[in-house]
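Q: sequence and predicted model, in that order:
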Amino acid sequence: MLSLRQLEVFLAVIETGSTTRAADAVALSQSAASNALTELESRLGEKLFDRVGKRLVLNASGRALQPRARALLAQARDAESLFRSGGGQLKLGASTTIGNYLLPRLLGAAQEPLPCERIEIANTDDIAERMLRFELDLGLVEGQTRHPDLVLTPWRRDEMVIVAAPFLPGEPLHCLPWIMREPGSGTRSVVEQELSEVLTGVVPLLELGSSEAIHNAVRAGLGISCLSRHVVQQSLHNGELEVRAPELSIRRPLYLLRHRQRPDTAAVARFLAMCPPEN
């Protein structure tokens, strides 16, 4: 029977390229790590690595095993945390608009504290990559991801509006300087898709890594942007910003992101009870 230790060594060899460095990573002797890998390959009847010089390189059989090994180790860690902490701690990933604006409001309004081990805030592509490595239990994202091992389900809805400082000239939208999120951001992909006709031929004046940075740049009059109402609602209320072309507002879904091979933990279930999907 396969052991978790064998799978742990296998994944460490993928990361480090050798059994010597893998042994250090998993706190084993070099001989114990080599034996674990040999036993795993013997049990499976397949070589999992090709030797290239002094380095072990994952082959097709190893690539087939890799996601399953990660899933099994993640489930073992989930089982341990279930009994250590009364149901486990949630490792949550949120794309930037959700993590910086919507999620704090939802958690602040909740009737009980959510036992989060950590909340990672990054763009959609980064959250998807962390989910594929089984480093997060659940993702909350604004953009789409099409990896076959990841599953998107609708969670909430958001409205995005084109905003500008009131003193910015009222020229056609394509003639004004645009400020946009970086490539890989869910916000950026939605804006480019939904406003493709407006943005034809437009080269962004600035590409910034956070919605708040764009918000501040637009308030300073550097250009226009399309941002979530969650980001700009206070600035719209106090007159620092105004909506341009309200007919072009974008209504977009926000998603729950799960790994297909990883069942919901008890902590995920508690989060969804506190912050359930909208009907």
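A: That came through, no problem. Numbers count the residues shown, from 1 in each chain.

Q: break down the stretch 101-250 of the chain into its strands, ranges please.
A: Under the criterion DSSP state E, counting those that start in this stretch, the stretch 101-250 of the chain contains strands at 116-121, 138-141, 150-164, 179-181, 206-208, 225-228, 242-244, 250-259.

Q: now the ones you listed as JSON lines including mean neighbour count, mean pLDDT and distance to Leu2?
A: Bear in mind the C-beta positions are built from the backbone N, C-alpha and C, glycine included. JSON lines is the format used below for those (neighbours: other CB atoms under 10 Å; pLDDT from 0 to 100; distance: least, CB to CB, whole Å):
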{"stretch": "strand 116-121", "mean neighbour count": "15", "mean pLDDT": "80", "distance to Leu2": "27"}
{"stretch": "strand 138-141", "mean neighbour count": "26", "mean pLDDT": "95", "distance to Leu2": "27"}
{"stretch": "strand 150-164", "mean neighbour count": "18", "mean pLDDT": "95", "distance to Leu2": "25"}
{"stretch": "strand 179-181", "mean neighbour count": "24", "mean pLDDT": "95", "distance to Leu2": "43"}
{"stretch": "strand 206-208", "mean neighbour count": "15", "mean pLDDT": "95", "distance to Leu2": "46"}
{"stretch": "strand 225-228", "mean neighbour count": "27", "mean pLDDT": "95", "distance to Leu2": "46"}
{"stretch": "strand 242-244", "mean neighbour count": "16", "mean pLDDT": "96", "distance to Leu2": "58"}
{"stretch": "strand 250-259", "mean neighbour count": "20", "mean pLDDT": "94", "distance to Leu2": "20"}
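
Q: Ala74: which of the ones you listed is closest?
A: strand 250-259 (8.2 Å; CB to CB).

Q: tell me what the next helix or strand after that closest one is packed against?
A: As assigned by DSSP states H and E, the chain's next helix or strand after strand 250-259 is helix 266-274. When contacts are defined as 3 or more CB pairs under 8 Å, 6 or more residues apart in numbering; DSSP states H and E, helix 266-274 sits against strand 90-94.

Q: and after the strand it packs on, which helix or strand comes next?
A: Criterion used, DSSP H and E; the element after strand 90-94 is helix 96-97.

Q: list of residues touching that next one?
A: If you take CB atoms under 8 Å, 6 or more residues apart in numbering as the criterion, helix 96-97 is touched by 121-123, 142, 158, 185-187, 210-211, 228, 230-231.

Q: reformat these as TSV; add distance to Ala22.
A: Converted to TSV, these look like this (distance: CB to CB, whole Å):
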residue	distance to Ala22
Ile121	31
Ala122	27
Asn123	31
Glu142	37
Asp158	43
Ser185	35
Gly186	35
Thr187	39
Ser210	37
Ser211	40
Ser228	43
His230	44
Val231	44
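
Q: just these: which are in helices?
A: Gly186, Thr187, Ser211, His230, Val231 (DSSP state H).

Q: out of these, which one has the weakest pLDDT?
A: Ranked by pLDDT, those bottom out at Gly186, which scores 81.

Q: quick one, domains of the protein?
A: 4-84, 90-155+254-274, 157-253 (automatic domain parsing).

Q: average pLDDT for the shortest one?
A: Confidence for domain 4-84, expressed as mean pLDDT, is 83.

Q: and that domain, how far from the chain's centre?
A: Distance of domain 4-84 from its chain centroid, counting by CA atoms, centre = their mean, to the nearest Å, is 25 Å.

Q: likewise the last one?
A: Between the centre of domain 157-253 and the centre of its chain there are 22 Å (CA atoms, centre = their mean).

Q: how about the helices in the stretch 1-150 of the chain?
A: For the stretch 1-150 of the chain, applying DSSP state H, counting those that start in this stretch gives helices covering 4-16, 19-25, 30-44, 60-84, 96-97, 103-109, 124-132.

Q: rewinding a little: top of the ones in helices among the contacts of helix 96-97 by neighbour count?
A: Greatest neighbour count in these, by other CB atoms under 10 Å, goes to Thr187: 28 neighbours.

Q: roughly how far does that one sit from Glu39?
A: According to CB to CB, to the nearest Å, Thr187 stands 48 Å off from Glu39.

Q: can you check Leu107 too?
A: In terms of CB to CB, Leu107 sits 45 Å off from Glu39.

Q: now do Leu102
A: 48 Å.

Q: who's more crowded, those two?
A: For Leu102 versus Glu39, neighbours defined as other CB under 10 Å are more numerous around Leu102 (21 against 15).
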